Every structure is written in structure tokens, then in C-alpha cells.
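*Asks:* structure for this input, please:
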Amino acid sequence: MLNRQVHHDAMVADPGPGVVTSRADGLLEDKHLHRIVVVGGGAAGLELVTRLGDRLGRQRRARITLVESARTHLWKPLLHEVAAGSMDPGEYEVNYLAQAHWHGFRYRFGEMIGVDRSAKEVHLAATFDDEGRQITPPGSVGYDTLVIAIGSVTNDFGTQGVAEHAVPLETPAEAARFNRRLVNACIRAQMQDGPVRPGQLHVAIVGAGATGAELAAELHRTTREVVTYGLDRIDPERDIRIVLIEAADRILPGLPERISESARRLLDRMGIEVHTGAKVTQVIADGLQLVDGSFIASELVVWAAGVKAPEVLRRLDGLEMNRVNQLVVEPTLQTTRDPDIFAIGDCAACPRQGEPTPVPPRAQAAHQEATHLLRQIEHRLRGKPLLPYSYRDFGSLVSLGKHSTVGNLMGFLFGRGFFIEGLFAGVMYRSLRTLHERALHGTPRALLGLLARALSRRTGPPVKLH
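*Replies:* Numbers count the residues shown, from 1 in each chain. This is a model prediction of the structure:
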């Protein structure tokens, strides 16, 4: 039975050369079209596949397929707001099925588990629902050009107890899970017989990069908002404590020192406890053990320290990887051992001219690589030589909730960078999200969505309470 299902799945995906089939939207598909498969629907993958569908799929110049194991997309820089409860992810999520229908590409629900480079196939695992019933059987998708854009995952560096007691912020589901734990902890403290235990409502955030620092600031506000809704047995100043822990000698170690210093002052002003030069050796149910022997009591732990590419990349038929599982690519974004396979976004180790380190795993890099690769694939279909990608650093912005935003902009005034803070920095930070939505939906829909969300916020509580 399973073999028949796999065979049927393969026939649906690729009935064979010379066959013309009818799609649900009424368009005919020529199976001789160049097959472009993008694995991963994050910022880089979804922007790329959307624009490929608009330019090539709709014109029947190529057959575009997105392979993704999730049903919806949420821009990753928003995850700290979901975790803090300051935004409803449903207002920002993009449904892959709808996006595919509107933009001329196919959406294949499934998780990549391997690649056969000789047969030019991506192997997919079976998918199951919450009751354990199979949704899709194991199968494969054929390609002529393959783009891998599966992003990154949290690196726990083998620290004991992280998997059992800490929540990473890799997906919307994990961010929502932490928010539920936070709200449940507040309700539990309100209803229990005894007083609030030491550490019961403390939140320890391991990793003071942009995600950790932004989450700390958001939580400082939202935890206080939550308790105003009838949780009168909780004293925020006495019972709630936000602790930010960083192994480096300063927070935001990957950003310029001036941004780090400004953000540290703002966090100190909020009363957030910051530990730098502190390495976590173990996470247990009620706190964290540091390498110097000290203990930080906290029953709510978020692990936001370090990233690596997913382990599945080790099973991609011999493609070259670096020590954090990233696929090593040429300046053209082609993998070093297969010119038909490209990699973009956090899962790619792309060289930077004159720099010892690869392109950093940032949202702006994902956007730039998607834009560059769109042009390169068009060159590839026309038989033109591919051009190298050159990363441009436009600066960095860190939003500390309603308290302030700090950052620097690069190359805007006579090629020089400058430090920004406050209202202007906040406007620039919010514009990044709008630019991503514009890339996915076009300008009119992006602006309409911005207006609709601004109006809807006035009708409900400012934090998520369920």
C-alpha cells in the first residue's frame, strides 16, 4: 500500500516528459519546463520563490516549486514579540498555499530529508497530523535547479538540560509555546495557596544578541501588562525579574560597540539584570548553573545563544559544509561541489571579499541574496554567465520595545555610517518589516495590511492573554 502511495505521489509531482497536465487554477503545465525547486520558506526562500513565480511561473518559462514543512510563514525577527505576547502572529502570517496560488508557484508540504544529486531529486519525509494520521506519504521532487534556504536553528553547544528545560525561539510555534508558559506561570502564581516562590516568575534569557536583548525589553513591558488584568497577588517589582546572560564581554557582541553601550544603558534603566562574561554550564527546572559556580534562579528559560544550520544538511549527498553545518557556496551562491545546487540565507556560508568571515546571518543578507539569485536564475535559463554576489551592510537596528530603538545606518550619507536612536530609529526598524511584506505582496497590499493592523490594535488588550 505504501509503495502504491509513493508511486502515486511521484506521478502527481512529475508524470513524465512530454506530458501536459491541468492545474487546479486552470493553467496548463508543460513538463519540459525547467524545474526550479526552493527548499525552505523563510525570508530568503519565500521572497525568492514568490518573485520567481511572478516572473517565470506565470509566464510558463519555468516550473517553480516551494518545499516547506510548515503551513505558514512569519518573518523571523518578529518571534521575540510573539514570545512576549505583544503581537498576534495570525495578523502577520503568510499562508503558503494562498501565496503559491496568487504568485504562480507550487507549494509542496513536506520536510527535506536528503538529496540524490545524480538523479536530481529532493527526498521528502512523510507528514502526519496531531493524531498521528498520515497526511502525505514519503516522496521526492525532481529538480534542474535546486535552491536550499532552510535557515538556521539554535545552537545549544551541548549544554546539559537545554533541551528539557529551555525554550528556543526558532519557529512561531516555539515562540507561542513560551508565551503560553509565561501566562500560565502568572495564573498559577495568582491561584496557588502560598506566596510566589523565588524564581517562579523570573525569566532567564541566554544569549544577548539582537533576539535576546529585544525579548528582554519586550518582556519587561508585557509581564507588567499581563498582571494588570486581575492578577493582583503578583507584585511585578518584587516577583518578576528579567535576566539577560551573555558569554561575551558585552551584549550585542556582533554589532558596533556604540550600539551595545547604548542598548545596555537602556536595559539598565528598565531594571533588567544583565550578566556578561557568563557561560551557562547547565539548565535545570528551577534555574541555571554558571561556569563560575553561581546559580540564577528562574523557572522560565529562553535559549537564544548561537545559531547553526540544521543537521539535515549533513545528509545532502556530499555537499561541502563548515563547522556549524552551513553549506559552503561560491560567490555565485552555487555550492562548491554542485553547480546545480544553490544555497542562500542563514544555511549558506557565503564568502565576503576581503573578510575572513562569511556573510552574517541577518535578514538583510537573506533579502539581498534572494534578490541577487532571482537575476542569476534568469541568467542561467538564458545561458548567460553567473555574476558574484557582494554583500552590502546597510547597518543594524535593535528595538527595545516602546523604550527606544538604537542602531546605525551605513552608506546613506556620502558612503559613511551614522548612529541613530529614538523615534527615527524606530520608524526605520518598522520599515524593515514593511519592506519584507512588500516583497511578498506588493506595495498596495503591504500598506493595506499595515493600516488594518493599526486599527485592530485599538479593539483588544495590548498583550496576548491566552
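*Asks:* residue 82 and residue 177 touch, don't they?
*Replies:* No. Here residue 82 does not reach residue 177: they are 9.9 Å apart, not a contact under CB atoms under 8 Å. Quick note: C-beta positions are derived from backbone N, CA and C, even for glycine.
*Asks:* show me which of the two is the more surrounded one.
*Replies:* residue 82 (25 against 16; other CB atoms under 10 Å).
*Asks:* can you say which helix or strand has the more buried one in it?
*Replies:* Assigned by DSSP states H and E, residue 82 belongs to helix 79-84.
*Asks:* ok, then the element right after that helix?
*Replies:* strand 94-95.
*Asks:* state the mean pLDDT of that next one.
*Replies:* Strand 94-95 shows a mean pLDDT of 96 in the predicted model.
*Asks:* that strand pairs with which strands, parallel or anti?
*Replies:* If you go by DSSP bridges, strand 94-95 pairs up with strand 72-73 (antiparallel).
*Asks:* chain center to the helix holding residue 82: distance?
*Replies:* Centroid separation between helix 79-84 and its chain, computed with CA atoms, centre = their mean, to the nearest Å, is 12 Å.
*Asks:* what packs against that helix?
*Replies:* helix 172-191, helix 210-227 (3 or more CB pairs under 8 Å, 6 or more residues apart in numbering; DSSP states H and E).
*Asks:* list of residues touching the next helix or strand after the last one?
*Replies:* Spelled out, it's helix 210-227. Note on helix 210-227: by DSSP H and E, the next helix or strand toward the C-terminus is helix 236-239. Helix 236-239 has contacts (CB atoms under 8 Å, 6 or more residues apart in numbering) with 189, 196, 200, 201, 223, 224, 227.
*Asks:* between all of the residues you listed, which two are separated the most?
*Replies:* Maximum pairwise distance among the contacts of helix 236-239 (CB to CB): 16.2 Å, between 200 and 224.
*Asks:* and the two? which has more neighbours close in?
*Replies:* The neighbour comparison of residue 200 against residue 224 (other CB under 10 Å) goes to residue 200, with 20 against 14.
*Asks:* for the more buried one, give me its contacts.
*Replies:* So residue 200 contacts 185, 189, 239, 299 (CB under 8 Å, 6+ apart).
*Asks:* correct me, but residue 190 touches residue 231?
*Replies:* Yes. At 4.6 Å, residue 190 and residue 231 qualify as touching, with contact defined as CB under 8 Å.
*Asks:* what is the neighbour count of residue 441?
*Replies:* 18.
*Asks:* who touches it in this structure?
*Replies:* residue 449.
*Asks:* which elements pack onto the helix or strand hosting residue 37?
*Replies:* Here residue 37, judged by DSSP H and E, is contained in strand 35-39. Under the contact criterion of 3+ CB pairs under 8 Å, 6+ apart, strand 35-39 touches helix 43-52, strand 63-68, strand 139-142, strand 145-148.
*Asks:* give me whichever of those is most buried.
*Replies:* Among the helices and strands packed on strand 35-39, ranked by average contacts under mean count of other CB atoms under 10 Å, first place goes to helix 43-52 (a mean of 28).
*Asks:* counting contacts, what elements does that one pack onto?
*Replies:* Against helix 43-52 (3+ CB pairs under 8 Å, 6+ apart) you get strand 35-39, strand 63-68, helix 96-103, helix 363-382, helix 423-441.
*Asks:* nearest to residue 152, out of the ones you listed?
*Replies:* helix 363-382 (10.4 Å).
*Asks:* hey, C-alpha coordinates of the closest one in CSV?
*Replies:* Coordinates of each C-alpha in helix 363-382 appear next as CSV, following Å, rounded to 0.1, in the frame of the first residue of the first chain:
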residue,chain,number,x,y,z
ALA,A,363,17.6,39.4,7.5
GLN,A,364,19.1,42.0,5.2
ALA,A,365,21.6,39.4,3.9
ALA,A,366,18.7,37.0,3.2
HIS,A,367,16.8,39.7,1.3
GLN,A,368,19.9,40.6,-0.8
GLU,A,369,20.8,37.0,-1.6
ALA,A,370,17.2,36.3,-2.8
THR,A,371,17.2,39.4,-5.0
HIS,A,372,20.6,38.5,-6.4
LEU,A,373,19.7,34.9,-7.1
LEU,A,374,16.5,35.9,-8.9
ARG,A,375,18.6,37.6,-11.5
GLN,A,376,21.1,34.8,-11.6
ILE,A,377,18.5,32.1,-12.3
GLU,A,378,17.2,34.2,-15.2
HIS,A,379,20.8,34.4,-16.5
ARG,A,380,21.1,30.6,-16.1
LEU,A,381,17.9,30.0,-18.1
ARG,A,382,19.3,32.2,-20.9
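*Asks:* buried residues, that helix. List them.
*Replies:* Buried residues in helix 363-382, counted by 16 or more other CB atoms under 10 Å: 363-370, 372-374, 376-377, 380.
*Asks:* what's the answer for stretch 118-133, then?
*Replies:* Counting neighbours by 16+ other CB under 10 Å, stretch 118-133 gives 120, 121, 122, 123, 124, 125, 126 as buried.
*Asks:* endpoints of that stretch, how far apart?
*Replies:* 33 Å (CA to CA, to the nearest Å).
*Asks:* neighbouring contacts of it?
*Replies:* Stretch 118-133 is contacted by residues 37, 39, 67, 69, 108-116, 134-144, 146, 340 when judged by CB under 8 Å, 6+ apart.
*Asks:* let's go with 6 Å and repeat that
*Replies:* By CB atoms under 6 Å, 6 or more residues apart in numbering, the residues outside stretch 118-133 that reach it are 37, 110-115, 134-143.
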